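*Asks:* mind looking at a prediction? Sequence and model below.
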Amino acid sequence: MTREEEIRLREWWLEQLKGITGKLIAEEERRAERERLKAQKVLGEYRTESDIQDAYAYGVITAAKRDKLMDLLEKGTFNAEEDRDYRLRMDFLQEDWQNQKEILARLKTADMEAWA
């Protein structure tokens, strides 16, 4: 493989990485939105710890329901935490992106030096 072919191949791969990363980000945003909607449905009108405690104090909800709602608030489910699998895949893609950019820069620099 010639240097020019390798440069074109790495540039192509960087474009592929952009597409893969974009799809991954969109997938994570959809997952996070589903989690937020699910939490909103479960939480209903209870947005704060005080709302939940008041409902329990007035006998509107049971202790089990109160505990479940409190867990949702404490875990931050309402704010949908980032998926661990997503984070690992993004880290891998970012690392690959950086490596490819560095290699591509070296290849292009070598071309420039060859022209001098």
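*Replies:* Now that the structure is in, tell me what you want to look at.
*Asks:* so what's L14 up against?
*Replies:* By C-beta atoms under 8 Å, 6 or more residues apart in numbering, the contact list for L14 reads 97, 100-101, 104. (Each C-beta comes from the backbone N, C-alpha and C, glycine too.)
*Asks:* specify the local secondary structure of G59.
*Replies:* Assigned by DSSP: H, G, I helix; E, B strand; the rest coil, the conformation of G59 is coil.
*Asks:* element containing the closest residue to L107 other than its chain neighbours, please.
*Replies:* Nearest residue to L107 in three dimensions, chain neighbours excluded: I7, at 5.2 Å (C-beta to C-beta, 6 or more residues apart in numbering). I7 belongs to helix 3-43 when elements are defined using DSSP states H and E.
*Asks:* D96 now?
*Replies:* If you go by DSSP H and E, D96 is part of helix 84-115.
*Asks:* helices or strands up against that helix?
*Replies:* Packing partners of helix 84-115 (3 or more C-beta pairs under 8 Å, 6 or more residues apart in numbering; DSSP states H and E): helix 3-43.
*Asks:* quick one: contacts for the nearest residue to T48 once chain neighbours are set aside?
*Replies:* With C-beta to C-beta, 6+ apart as the criterion, T48 has its nearest non-adjacent residue at 7.6 Å, and that residue is L73. By C-beta under 8 Å, 6+ apart, the contact list for L73 reads 43, 48-49, 52.
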